[in-house]
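Trainee: Sequence unavailable; structure follows:
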C-alpha cells in the first residue's frame, strides 16, 4: 500500500515529464545532419536533410520557414524552402570559424497549426573557452565563507517518515543549521535497511554505508527522497533542498513561496558578493558533509554528489569546495558562463545580463565571477562525469562546454545529442552507476 501511495504521488510529475520527452507532436519537422556526431570543423559547411513527417512518412510539397544563426542569438539568415515531391530538401549552411554552436530552426504550418523544431550543430566544441575570469581572491573568499558558516552549530535533527518507508529502506527528513542560528537546510534521506555494502565489487560486511548527495534543480518545490539503483546497491541517498525551507510540505506551500519571497531567487543581491543569495547555498554544501559526519552509519570516506541543472552546478561547486567528496556526476549544469551575454556570447542559465542598460551591470558581472561554475570547475580534483545535451536551450552547450573544457581532473563526457533540458532514464541511471563505480 505504501508503494502504491508513493506511485500516486509521483504520477502527475511522471505524466508531465512523459509529455515533455516522450509524447510526439502530430507533425515533426525532422532535420538530419550529414555528420552523425553533429560536430563540424572550423569554417566547414553544414549539410542537413530536412523533411516534414507525419505517421513516420515524409509529406511532399511542404513550405518550411527556416532560420540559421549562433546559438540563442539573433538569426543570421531567414528563408523558406519546399520539401518537393520526395518530401525532403537538402540544405547547405555556412559554418563559422570560432568554436561554438549554431542553430537551425524550422517551422511548418499544417492544417492551421504551426509546428517548430530546432537542432544545435557543434563547431569544435572541445575548443570552446570560457569568458569567465578567475578573481585573484577566489580561494580566500570561499575559505572564509566556509569558516563563517561553520561557526554556526549544526543542531542536526532526523525525523522518520513512516509513510515513505518500505521493507528495503527508511526515509528521514533531516535538518541542520546553516549560515545563521535558526536558519536551516532540509533534505530527505533514504537509508537502506540492510547493512551489507554492495557498492564495491566485493561484498563488505560493514555497518557504514556510502552516501550520494543529490542536489536539486532550480525552483521552490518539495522532495520525497530518491531511491532507485543507488539504494538498491546499498547507498544512502540524501536529496537536499537549498532554499532553507522544509521539503515535505504540500504543493500550496511552495507555490506561495515561489510567487512571493523566492521568486527569481537567483538574482537576489546579485550586486553584492557577500549578500548574494547563492552564498549561503554554496557554503552550505560543505555543512551537508559535516552533518553526515555526525552519523555513525555513514562511511565518510565514500561521499559522492550528483544533480542536474542547478543540481549539476552545485555538484561541481560542492566537489570543488569539499575534498571529502570523492566523485561527482553533473547533468547539464546551470550557472556556467553567467555573464556570457555581457561578453558578447550566449550565457548559461539563468541567462541574465542581456540588457546592456541594466543598473550596476559591471558590478553584477564582477560578483558573478565568484559564483560561476566555470571557476569551480577549474578547481576540481576528483573524477567527474558530465552530460551535455546539444539541443538544451536552458543550460546551453556553449556554457556547459566552457566549464567542462577547463576541468583538469579525471573526467568523462556523454553527449546525448537530441536531448534538450532533460535526460533519458537510461542516462540518469548511468550517472548514478558512475558514482558507484568510483566508490
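Mentor: Noted; the coordinates are in hand. Here the structure is a predicted model, which means the values were calculated and not measured.
Trainee: Pull the contacting residues for residue 102.
Mentor: Residues counted as contacts of residue 102 (C-beta atoms under 8 Å, 6 or more residues apart in numbering) are 46, 68, 69, 70, 71, 93, 95, 96, 120, 121, 123. No exception for glycine: its C-beta is placed from N, CA and C like everyone else's.
Trainee: in what helix or strand does it lie?
Mentor: For residue 102, the host element (DSSP states H and E) is strand 100-110.
Trainee: ok, back up a step: can I get the buried part of the contacts of residue 102 as one ChimeraX selection?
Mentor: This is the ChimeraX syntax for the buried subset of the contacts of residue 102, where burial follows 16 or more other C-beta atoms under 10 Å:
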select :46,68,69,70,71,93,96,120,121,123
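Trainee: Dump the contacts of residue 102 to a markdown table, plus secondary structure and pLDDT.
Mentor: Output for the contacts of residue 102, formatted as a markdown table (DSSP: H, G, I helix; E, B strand; the rest coil; pLDDT from 0 to 100):
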| residue | secondary structure | pLDDT |
| --- | --- | --- |
| 46 | strand | 98 |
| 68 | strand | 97 |
| 69 | strand | 95 |
| 70 | strand | 94 |
| 71 | coil | 93 |
| 93 | strand | 97 |
| 95 | coil | 93 |
| 96 | coil | 94 |
| 120 | strand | 97 |
| 121 | strand | 97 |
| 123 | strand | 98 |
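Trainee: List the pairing partners of the strand holding residue 102 within its sheet, with orientation.
Mentor: Within its sheet, strand 100-110 is paired with strand 63-70 (antiparallel), strand 113-123 (antiparallel), according to DSSP bridges.
Trainee: buried set for stretch 393-413?
Mentor: For stretch 393-413, burial by neighbour count (16+ other C-beta under 10 Å) applies to 393-407, 411, 413.
Trainee: tally of neighbours for residue 272?
Mentor: Residues lying near residue 272 (other C-beta atoms under 10 Å) number 13.
Trainee: Helix, strand or coil: sort out it for me.
Mentor: Assigned by DSSP: H, G, I helix; E, B strand; the rest coil, the conformation of residue 272 is coil.
Trainee: from memory it sits against residue 367, does it?
Mentor: Yes. Between residue 272 and residue 367 there is a contact at 6.7 Å, judged by C-beta atoms under 8 Å.
Trainee: Would you mind measuring from residue 28 to residue 369?
Mentor: Residue 28 sits 42 Å away from residue 369, going by C-beta to C-beta, to the nearest Å.
Trainee: Same check on residue 275?
Mentor: Using C-beta to C-beta, residue 275 is found at 16 Å from residue 369.
Trainee: Next, format the strands paired with strand 100-110 as TSV and append distance to residue 77.
Mentor: Formatted as TSV, those follow (distance: least, C-beta to C-beta, whole Å):
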stretch	distance to residue 77
strand 63-70	5
strand 113-123	14
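Trainee: what's the closest of these to residue 175?
Mentor: strand 113-123 (41.0 Å; C-beta to C-beta).
Trainee: which residues sit against the closest one?
Mentor: 25-31, 33, 38-42, 44, 46, 48, 52, 71, 93, 95-96, 98-109, 390-393, 397.
Trainee: hmm, which of those are the buried ones?
Mentor: Among the contacts of strand 113-123, those buried by neighbour count (16+ other C-beta under 10 Å) are 27, 29-31, 33, 38-40, 46, 48, 52, 71, 93, 96, 99-108, 390-393, 397.
Trainee: hey, where'd the helices end up in the stretch 151-300 of the chain?
Mentor: Here the stretch 151-300 of the chain has its helices, by DSSP state H, counting those that start in this stretch, at 228-232, 251-259, 278-292.
Trainee: How far does the longest one sit from its chain's centre?
Mentor: For helix 278-292, the distance from its own C-alpha centre to the chain's C-alpha centre is 18 Å (C-alpha atoms, centre = their mean, to the nearest Å).
Trainee: Excluding residues flanking it in the chain, which one is nearest the residue of the chain positioned farthest from its centre?
Mentor: Of all residues in the chain, residue 85 sits farthest from the chain's C-alpha centroid, using C-alpha atoms, centre = their mean; the distance is 42.7 Å. Spatial nearest neighbour of residue 85, excluding adjacent residues (C-beta to C-beta, 6 or more residues apart in numbering): residue 60 at 5.2 Å.
Trainee: now do residue 244
Mentor: Nearest residue to residue 244 in three dimensions, chain neighbours excluded: residue 183, at 5.7 Å (C-beta to C-beta, 6+ apart).
Trainee: In contact with that neighbour, which residues are there?
Mentor: 177, 244, 280.
Trainee: and the last one, how far is that from residue 312?
Mentor: What it means is residue 280. Noted for residue 280: a distance of 19 Å to residue 312, by C-beta to C-beta.
Trainee: What of the first one?
Mentor: Counting by C-beta to C-beta, the gap from residue 177 to residue 312 is 26 Å.
Trainee: who's more crowded, the two?
Mentor: residue 312 (31 against 20).
Trainee: pLDDT (mean, whole number) over the one helix or strand that one maps to?
Mentor: If you go by DSSP H and E, residue 312 is part of helix 310-321. Helix 310-321 shows a mean pLDDT of 98.
Trainee: Equivalent analysis for stretch 428-439, please.
Mentor: The pLDDT scores in stretch 428-439 average 91.
Trainee: Kindly report the same for stretch 374-390.
Mentor: In this model, stretch 374-390 carries a mean pLDDT of 97.
Trainee: Same check on stretch 274-291?
Mentor: In this model, stretch 274-291 has a mean pLDDT of 98.
Trainee: in that stretch, what's buried?
Mentor: 276-291.
Trainee: Okay, and the beta partners of residue 32?
Mentor: Legend: beta-bridge partners of residue 32 under DSSP bridges are residue 49.
Trainee: Apart from its neighbours in sequence, what residue is nearest the most centrally placed residue in the chain?
Mentor: With distances taken as C-alpha atoms, centre = their mean, residue 309 lies nearest the centre of the chain, 1.7 Å away. Counting by C-beta to C-beta, 6+ apart, residue 217 is the residue found nearest to residue 309 once chain neighbours are left out, at 4.1 Å.
Trainee: looking at it, that neighbour is touching residue 314, isn't it?
Mentor: No. Applying C-beta under 8 Å as the test, residue 217 and residue 314 come out as separate, 9.6 Å apart.
Trainee: what is in contact with the two at once?
Mentor: Common contacts of residue 217 and residue 314 (C-beta under 8 Å, 6+ apart): residue 307.
Trainee: more crowded one of the two?
Mentor: residue 314 (33 against 19).
Trainee: Return the distance of that one relative to residue 308.
Mentor: The gap separating residue 314 from residue 308 is 10 Å, by C-beta to C-beta.
Trainee: next one: residue 232
Mentor: Counting by C-beta to C-beta, the gap between residue 232 and residue 308 amounts to 20 Å.
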